[in-house]
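# Sequence first, predicted model second:
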There are 2 protein chains.
Amino acid sequence: MGSIEKSKILIVGTGGVGTMAAYALETGGKAEVTAICRSNYDAVTKNGFSIDSLEHGNGITGFKPSHILNAVPKVAEEKLEPFEYLVVTTKNVPDVSPNVLDIISPAITPGVTTVVMLQNGLNIEKPITKAFPDNVVLSGISFIGATETSHGVIRHDDNDSVKLGPFPDQAVSPERAEQAAKRFIDLYTACGKVEWAFDEDVKFTRWRKLVYNSSFNSVAAILGMDTARMRMSQIVIDDLVRPAMKEIITIAKAVGVDLPEGIDDKLIRTDPTDTAFVPSMGQDAAKGNYIEMENIIGEPVREAEKAGVPAPTLRTIYGFLRGLQLKTKEKKGLWQPKFEEGNPYA
Amino acid sequence: MGSIEKSKILIVGTGGVGTMAAYALETGGKAEVTAICRSNYDAVTKNGFSIDSLEHGNGITGFKPSHILNAVPKVAEEKLEPFEYLVVTTKNVPDVSPNVLDIISPAITPGVTTVVMLQNGLNIEKPITKAFPDNVVLSGISFIGATETSHGVIRHDDNDSVKLGPFPDQAVSPERAEQAAKRFIDLYTACGKVEWAFDEDVKFTRWRKLVYNSSFNSVAAILGMDTARMRMSQIVIDDLVRPAMKEIITIAKAVGVDLPEGIDDKLIRTDPTDTAFVPSMGQDAAKGNYIEMENIIGEPVREAEKAGVPAPTLRTIYGFLRGLQLKTKEKKGLWQPKFEEGNPYA
């Protein structure tokens, strides 16, 4: 009890990002992690995680967080001790049930649990801050390269560098939110191996990330093309990637975010040129997974509409992504193609 | 010789449309057809064409045009008798060599041979009229449903109804061009089974066809989706198909073509709803064939630019189609992804 008690942290989503978070937090010694494992539950409870990590070392085997569960615990109902932090690293697909709020709600203790969203996209915090106005919700924009290559096997090959800070416009006090963010960074960096920084301007950081994600990710998903080929083609950059980036920059400006001059050029050249890197949404599309299109394209398009700024390239891209998502829903049995009553095109 | 001499007609491209043309012309008795067969040459020289036709009857076997060649003849070089008509029914893919002009030029006798282009898209006649200013070039917009299901086997399941007329702005006299069109219709309809009509307004007919082709065909190619699903989804119509149609209608208006009110609604509902119909460009994309994107999307986009009319949906669609075409070129060995000298994105 007292000063030596560890922070209780729940991690929802143990792919690359979530597992590396569990590892950093546990090895730092200041946190007691409960990890939710779904498809990898059997593998991890049996053998633990195997990790090859740029920052923590290669050949780590048998890593098990303090607690491993296969479902999100119902804290109030099961009268469990509250979690101080809930870290969510799952894909964020609000157009498919259950959404993130549905998934994490049972583990949030109102007024207590800080929610850390290590996810991309715009306005992802809105459903959470609305449902839990007395809880801090933190934004983590991750630049980590970490992938679960098979159940429980993680390849971590790019620095675990995150900018963490409070989402703007929360009901909680800014001081409390900032304190919660800084404490989490302390717990996370206690391992001495990773660089996390406090994010002074979450809005800026998220719009900046969107410049890449709305363009390269979307085009990769629709065309099935890696970023090196896009650059070699020139066509795909000139016709699709750059126009999409320019629209994000314009929408950002309209909502008060000044992205730096030349950010499009910089991000166009950000990926390696010697390997065929496919951005995550392209990987999801290729695997037949749902894509994170609502927060990455849909929300910027809606922000553009609200601000009265044209975003024709993004709108068309959004249309194709919605079409792709519908095909995935059909494959997974969530959409049955038939003419519904009231369909104007029947 | 004289009045009983048959018209010498060369047909380049013996898929569904070309073969049904050969059949109609030969059975009409007024034409002597030379057909160019490529991949189906062995099958057709051996067994002739097998045809199940809505209009000519089922179970037609062993049909052979008067002459079958496996390459376009070099008329001048080989001192052959000129063709009165050259009918071209191949795909029109000007961004891949050899293009239509390259293919048909050796068989055109300057001042004599009338070129009949049974192909979709805008400005397809321009390279021909430029190279052969003293030849008539005719536009045929076909509504036939005819497919070569295997080498030499044709399923013709929708009426062979074509509007044929002179492309506008030719150097030849309008009277000569009109006469050439009407004579061809006479040769073609002599079989008594099909309805071909003189096209009084080729420009209108082509822009009207583009309303469907630029939208449904493109979206089918990019999304890999049939038109019934597009309509059931509503999303794909609202976000992609209708905006593309509206832009074509606007560009057409800017170049002097008034398409009828409600044409978008009419064409959105044109396809059968009880089968999953995939428009031809979608079929080509699915088969890994080149797509006819330059004349169907590229030219309307360039017309919009010239006319100063915005076409943001079509531009973005064009970008995706160019990306798809590049992937096909890579698969066929025509594009090697590497950073070329001067590539601004290297």
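Happy to help now that I have it.

# Can you mark which positions in stretch A:74-93 are buried?
By neighbour count on 16 or more other CB atoms under 10 Å in any protein chain shown, the buried set for stretch A:74-93 is A:75, A:82-93. C-beta here means a position set from N, CA and C on the backbone, and glycine is covered the same way.

# Parallel or antiparallel, which strands does the strand or helix carrying residue A:156 pair with?
Residue A:156 is located in strand A:153-158, with elements delineated by DSSP states H and E. Partner strands and pairing direction for strand A:153-158 (DSSP bridges) are strand A:49-53 (parallel), strand A:145-150 (antiparallel).

# want to try TSV for those strands, with distance to residue A:304 and mean pLDDT as columns?
Below are these laid out as TSV (distance: least, CB to CB, whole Å; pLDDT from 0 to 100):
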stretch	distance to residue A:304	mean pLDDT
strand A:49-53	40	94
strand A:145-150	30	86
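
# so which of the ones you listed is the most packed in?
Most buried of those by mean neighbour count (mean count of other CB atoms under 10 Å in any protein chain shown) is strand A:49-53; its value is a mean of 21.

# going on from that strand, what's the next piece of helix or strand?
strand A:57-63.

# report the angle between the axes of that following strand and strand A:153-158?
150 degrees (axes from the mean of the first three to the mean of the last three CA atoms, to 10 degrees).

# Adjacent strands (with direction) for strand A:57-63?
strand A:49-53 (antiparallel).

# Go ahead and list the helix or strand containing the closest residue to chain B within the stretch 1-150 of chain A.
Residue nearest to chain B within the stretch 1-150 of chain A: residue A:95 (10.9 Å; CB to the nearest CB). Using DSSP H and E, residue A:95 maps to neither a helix nor a strand.

# Which residues are in contact with the nearest residue to residue A:191 once chain neighbours are set aside?
Leaving aside its sequence neighbours, residue A:191 sits nearest to residue A:28 (CB to CB, 6 or more residues apart in numbering or on different chains; 4.0 Å). Contacts were defined as CB atoms under 8 Å, 6 or more residues apart in numbering or on different chains; by that measure residue A:28 touches A:187, A:188, A:189, A:190, A:191, A:192.

# Drop anything exposed from those residues.
Here, 16+ other CB under 10 Å leaves A:187, A:188, A:189, A:190, A:191 buried among the contacts of residue A:28.

# C-terminal to the helix or strand containing the second one, what's the next element?
Counting by DSSP H and E, the element that carries residue A:188 is helix A:174-189. Per DSSP H and E, helix A:174-189 leads on to strand A:195-198 as the next helix or strand towards the C-terminus.

# Can you show me the helices along the stretch 1-150 of chain A?
Along the stretch 1-150 of chain A, counting by DSSP state H, counting those that start in this stretch, helices occupy A:16-28, A:41-47, A:100-104, A:126-131.

# List the buried residues of the third one.
The neighbour-count criterion (16+ other CB under 10 Å) identifies A:100, A:101, A:103, A:104 as the buried residues of helix A:100-104.

# on that earlier part again, output the buried ones among the contacts of residue A:28 as JSON lines; include the columns pLDDT.
Output for those, formatted as JSON lines (pLDDT from 0 to 100):
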{"residue": "A:187", "pLDDT": "97"}
{"residue": "A:188", "pLDDT": "96"}
{"residue": "A:189", "pLDDT": "96"}
{"residue": "A:190", "pLDDT": "96"}
{"residue": "A:191", "pLDDT": "94"}
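
# Looking at these, which is nearest residue A:124?
residue A:188 (20.0 Å; CB to CB).

# Can you name the residue of the stretch 151-300 of chain A nearest to chain B?
Closest point on the stretch 151-300 of chain A to chain B, by CB to the nearest CB, is residue A:239, at 3.0 Å.

# burial of that residue, as a residue count?
22 (other CB atoms under 10 Å in any protein chain shown).

# can you confirm residue A:164 is in a strand?
Yes - per DSSP: H, G, I helix; E, B strand; the rest coil, residue A:164 lies within a strand segment.

# Kindly state the pLDDT recorded for it?
The per-residue pLDDT reported for residue A:164 equals 97.

# which residue packs closest to it, ignoring adjacent ones?
According to CB to CB, 6+ apart, the nearest residue to residue A:164 is residue A:140 (4.8 Å).

# which ones are touching the one you found?
A:116, A:117, A:118, A:119, A:162, A:163, A:164.

# where in chain A is pLDDT low?
Applying pLDDT under 70 to chain A picks out residues A:1-3.

# how far away is the residue sitting nearest the centre point of it from residue A:295?
In chain A, the C-alpha nearest the mean C-alpha coordinate belongs to residue A:119, at 1.6 Å (CA atoms, centre = their mean). Distance from residue A:119 to residue A:295, counting by CB to CB, to the nearest Å: 8 Å.

# and if you look at residue A:176?
Distance, residue A:176 to residue A:295, by CB to CB: 25 Å.

# the more surrounded of these two?
Neighbour count, other CB under 10 Å: between residue A:176 and residue A:295, residue A:295 has more, with 23 against 14.

# tell me the secondary structure for the more buried one?
Residue A:295 - assigned by three-state DSSP - is helix.

# Tell me who's in contact with it.
Shown in contact with residue A:295 (CB under 8 Å, 6+ apart): A:92, A:94, A:119, A:120, A:121, A:122, A:123, A:124.

# which ones are touching the third one?
With contacts defined as CB under 8 Å, 6+ apart, residue A:119 is in contact with A:88, A:89, A:90, A:91, A:92, A:100, A:140, A:292, A:295.
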